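Participant: for reference, the sequence and a predicted model appear below.
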Amino acid sequence: MAIWIEEDAKVLVQGITGKQGMFHADKMVEYGTKIVGGCTPGKGGQTVELQGKSFPVWHGMTEAIEATDADATVIYVPPPFAAEAIMEAADAFDSVKGEGVIVCITEGIPTLDMVKAVAYVENRPGVRLIGPNCPGIITPGETGGAKIGIMPGHIHAKGRIGIVSKSGTLTYEAVAQTMSIDEGQSTCIGIGGDPVNGTGFIDCLAAFQADPQTEAIIMIGEIGGNAEQEAAAWAAENVTKPIVGFVAGATAPPGKRMGHAGAIISGGKGTAEEKFEAFRAAGIACAMDPSELGKVLLESLKAVGLR
Amino acid sequence: MNIHEYQGKSLLRENNVAVLDGVHCTSVEQALSAYDSLGSKVVAVKSQIHAGGRGKGTLYHPDSREHVMDGGVKIAFSRDEVESYANNILGNILVTIQTGEEGKLVNNLYVEAGCDIAHEYYLALLVDRDNKSVLIMASTEGGMDIEDVAHNTPELIHKVVVDSNAGLLGFQKRDLGMALGLQGAALKSFGKMLSNMYSMFIKEDCAMVEINPLVRTGSDEIVALDSKISFDENAEFRHKNWDDLRDLSEEEDVEIRAKETGLSYVKLDGNIGCLVNGAGLAMATMDVIKLYGGEPANFLDVGGGADEEQVKTAFSIILEDPNVKGILVNIFGGIMRCDIIARGVIAATEALSLEVPLVVRLAGTNVDEGKKILAASTLNIHAADDLAEGAQKIVALIGGDE
């Protein structure tokens, strides 16, 4: 078991004929991800060569899911069209099989487009959106596994640590830290740092808590908003597995801002200090330096007899 | 992306939100003819900068930093007062609670007709992360420091969450208006104004619209007396007019140049330059430099797919800052390959004849190749295996925390 994405999940690529889509689809196939084809409107019926093998392309997501019974899709569509791609995938998964995972890598989608797309996805309860503006999700396998996104596959190994992070490269850093103490990962998720996104910290924590393969969790936040504080409070009540945390941005200068509305709405200032404080109050073991995540994780594992 | 009050008001006017008559000026002469044309005995003379707190700000001479006048927004009761206020504002530096000590040079002025105010309210529209939708906030406590109101008397801030499918509904406008104590003609005027403002928010891809104060006039009309509007930069591709609204003098020159080459750069006060891929890792790199006793000179994210040329540009931007005494490069290659970064670092070091110490930490895709390339070079480049080691090395090389 892992969360949401099994090692052998069947995956479609939206935007597979584009430069980004093709490059990353190739890397995913190389890693061992079971890519079953892709979508590009207007290019249905064509094929794409990845790692010397031929993959089918459909015009739309409904026909693609009907033909392949895909479990997930990954979106590499440019920002002006990405929200539409999310909604097309949500509609198709919902109507064809009632469930599916949408991973949106695209950076720079207009916020109001995401307001619409997230509401659309939430109206289809079997459908999950991860991202946008994120590295994606990976469930490493014994050999290969399911890498759905842009993360470097080779740094991962199957194991028992669940990782959730707002930031892309910091997720890789966390993965490397687990490897430095000979621990692998169950599933790693980059949820993205955009103001309006799909899956959040609490969704991930709940899934890791319920997942028998996951025995400990690394959670990485960033300054801004109060998702980390809420997740920490939720974890204190609901998560029994050890959690190790880090928050980036302790030295970031207070942003230049205009007006007060943002500060009123979040209640707090969303500083790293506030977030670390919330983590500690919830019993989350904090690393002040991401290079120490491994050490802190090892201590946490030892404390509960897992090492 | 922020715009000035005068630009925001013209946008509000276009969208049928009531604002007072006003004229944008860049000289004292223009301010005087604005006063003549407005036909209002009392006018407001308002500094135009991208920051709040203008009314309580202070103006200083740009060179001597001599005190010129208190208050960046003045009420003038005569032509002479308009002249003297315009003179004191234009070309001087306005320091407010939101500008930082250095303040901002005022190049633009807005001269606006007076108005019969019965009550001042606060109104804001923005995208709320928690509800993942547009949120409207209003309060009877307009004109005040609204953050204090939110902190001390949160019950006086009323909120409405807009369902993106249904849009802003009649009962929501009514409830919000009644919460503000409005009735009759004023309630009707408020509802109409709110519909128009919400439509504008969506149509123009706003990130925030803040009106403080929004006023009810003696004749029960609802009028926007101030306007702070910012746009969502991600939507720039569908708003060709934003180029005309952008005031580049409000942005740091070097930050604009960085953006043009796909880099995200923010200058800071320390002496250790950083070059990192990914915003989160860039912030963490700054945090760790500080943790080991150093001070970061900048935030710099080269993004996910930088090439040799971008690495070189990044180095030259970092080195423009005379305070930089050393540079830490921290790359965790995902899409980005460490060998390409290593070549870029060497090319930049040679081309710019780098004299300050350089520590490079590489990890991820093609890391071994990248490390070999650095090791084979005769340049004075220090390698580090992880972030902590990198930070400790660069702090030690520049002689610690000075």
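Facilitator: Yep, it's here.

Participant: count the neighbours of residue A:110 for me.
Facilitator: 24 (other CB atoms under 10 Å in any protein chain shown). (Each C-beta comes from the backbone N, C-alpha and C, glycine too.)

Participant: do residue B:241 as well
Facilitator: Using other CB under 10 Å, residue B:241 has 9 neighbouring residues.

Participant: gap between it and residue A:126?
Facilitator: 41 Å (CB to CB, to the nearest Å).

Participant: flag every residue of the stretch 1-150 of chain A that's near chain B.
Facilitator: A:24, A:79-80, A:108-116, A:118-119, A:135, A:150 (CB under 8 Å from any CB of the partner chain).

Participant: so which of those residues are in helices?
Facilitator: Judged by DSSP state H, the residues of the stretch 1-150 of chain A next to chain B include A:24, A:79, A:80, A:111, A:112, A:113, A:114, A:115, A:116, A:118, A:119 as members of helices.

Participant: if you rank these by neighbours, which is first?
Facilitator: residue A:114 (28 neighbours).

Participant: tell me the contacts of it?
Facilitator: For residue A:114, the contacting residues are A:83, A:132, A:194, A:195, A:196, A:197, B:132, by CB atoms under 8 Å, 6 or more residues apart in numbering or on different chains.

Participant: can you tell me how far it is from residue A:87?
Facilitator: 11 Å.

Participant: after the helix or strand of chain A with the lowest mean pLDDT, which helix or strand is next?
Facilitator: Using mean pLDDT, DSSP states H and E, the weakest-scoring helix or strand in chain A turns out to be helix A:261-266, at a mean of 58. Using DSSP states H and E, the helix or strand that directly follows helix A:261-266 along the chain is helix A:272-281.

Participant: next, the buried residues of that following helix.
Facilitator: Buried residues in helix A:272-281, defined by neighbour count with 16 or more other CB atoms under 10 Å in any protein chain shown: A:272, A:274, A:275, A:276, A:277, A:278, A:279.

Participant: report pLDDT for the first one.
Facilitator: The predicted local distance difference test score for residue A:272 is 90.

Participant: quick one: contacts for the residue nearest to it when sequence neighbours are not counted?
Facilitator: Counting by CB to CB, 6 or more residues apart in numbering or on different chains, residue A:250 is the residue found nearest to residue A:272 once chain neighbours are left out, at 3.9 Å. Contacts for residue A:250 (CB under 8 Å, 6+ apart) come out as A:223, A:271, A:272, A:273, A:276, B:287, B:290.

Participant: next one: residue B:48
Facilitator: Shown in contact with residue B:48 (CB under 8 Å, 6+ apart): B:4, B:5, B:6, B:24, B:106, B:107, B:108, B:109, B:110.

Participant: tell me the spacing between the first one and residue B:246.
Facilitator: Spatial separation of residue B:4 from residue B:246 under the definition CB to CB is 10 Å.

Participant: if I look at residue A:179, how far off is residue A:230?
Facilitator: 30 Å.

Participant: can you count the residues close to residue A:154?
Facilitator: Neighbours of residue A:154 (other CB under 10 Å): 12.

Participant: check contacts around it.
Facilitator: Contacts here follow CB under 8 Å, 6+ apart; on that basis residue A:154 touches A:31, B:365.

Participant: confirm that it sits in a strand.
Facilitator: No. The assignment for residue A:154, made by DSSP: H, G, I helix; E, B strand; the rest coil, is helix rather than a strand.

Participant: where along the stretch 1-150 of chain A do the helices fall?
Facilitator: A:19-31, A:61-68, A:79-96, A:111-122 (DSSP state H, counting those that start in this stretch).

Participant: what is the rounded mean pLDDT of the first one?
Facilitator: Pointing back at helix A:19-31 there. 95.

Participant: any buried residues in it, and which?
Facilitator: A:20, A:21, A:22, A:24, A:25, A:26, A:27, A:28, A:29, A:31.

Participant: quick check: closest non-adjacent residue to the last one.
Facilitator: Setting aside the residues directly before and after it, residue A:31 is nearest to residue A:153 in space (CB to CB, 6+ apart), at 3.7 Å.

Participant: strands of the stretch 301-402 of chain B, start to end?
Facilitator: B:326-333, B:358-364, B:381-384 (DSSP state E, counting those that start in this stretch).

Participant: next one: stretch B:222-229 to chain centre, how far?
Facilitator: 19 Å (CA atoms, centre = their mean, to the nearest Å).

Participant: before we move on, back to that, closest one of the residues of the stretch 1-150 of chain A next to chain B to chain B?
Facilitator: residue A:110 (3.8 Å; CB to the nearest CB).

Participant: how about that closest one: what's its closest non-neighbour residue?
Facilitator: Residue A:110 sits nearest to residue B:235 (CB to CB, 6+ apart), 3.8 Å away.

Participant: just give the number of residues close to the one you found.
Facilitator: 22.

Participant: strands of chain A, start to end?
Facilitator: Using DSSP state E, the strands of chain A run over residues A:10-14, A:34-39, A:47-50, A:53-58, A:72-75, A:100-104, A:127-130, A:136-140, A:145-149, A:158-165, A:185-190, A:216-222, A:243-248, A:285-286.

Participant: any chance of those in a markdown table, plus mean neighbour count, mean pLDDT and distance to residue B:367?
Facilitator: As requested, the strands of chain A are exported to a markdown table (neighbours: other CB atoms under 10 Å in any protein chain shown; pLDDT from 0 to 100; distance: least, CB to CB, whole Å):
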| stretch | mean neighbour count | mean pLDDT | distance to residue B:367 |
| --- | --- | --- | --- |
| strand A:10-14 | 27 | 98 | 27 |
| strand A:34-39 | 25 | 98 | 26 |
| strand A:47-50 | 16 | 97 | 25 |
| strand A:53-58 | 16 | 98 | 28 |
| strand A:72-75 | 28 | 98 | 25 |
| strand A:100-104 | 28 | 98 | 26 |
| strand A:127-130 | 24 | 98 | 27 |
| strand A:136-140 | 27 | 97 | 19 |
| strand A:145-149 | 28 | 97 | 18 |
| strand A:158-165 | 24 | 98 | 20 |
| strand A:185-190 | 28 | 98 | 19 |
| strand A:216-222 | 27 | 96 | 21 |
| strand A:243-248 | 28 | 96 | 22 |
| strand A:285-286 | 18 | 98 | 28 |
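
Participant: could I get those as JSON lines with distance to residue B:162?
Facilitator: Shown next, in JSON lines, are those (distance: least, CB to CB, whole Å):
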{"stretch": "strand A:10-14", "distance to residue B:162": "29"}
{"stretch": "strand A:34-39", "distance to residue B:162": "32"}
{"stretch": "strand A:47-50", "distance to residue B:162": "41"}
{"stretch": "strand A:53-58", "distance to residue B:162": "36"}
{"stretch": "strand A:72-75", "distance to residue B:162": "26"}
{"stretch": "strand A:100-104", "distance to residue B:162": "23"}
{"stretch": "strand A:127-130", "distance to residue B:162": "20"}
{"stretch": "strand A:136-140", "distance to residue B:162": "31"}
{"stretch": "strand A:145-149", "distance to residue B:162": "32"}
{"stretch": "strand A:158-165", "distance to residue B:162": "29"}
{"stretch": "strand A:185-190", "distance to residue B:162": "29"}
{"stretch": "strand A:216-222", "distance to residue B:162": "27"}
{"stretch": "strand A:243-248", "distance to residue B:162": "31"}
{"stretch": "strand A:285-286", "distance to residue B:162": "37"}
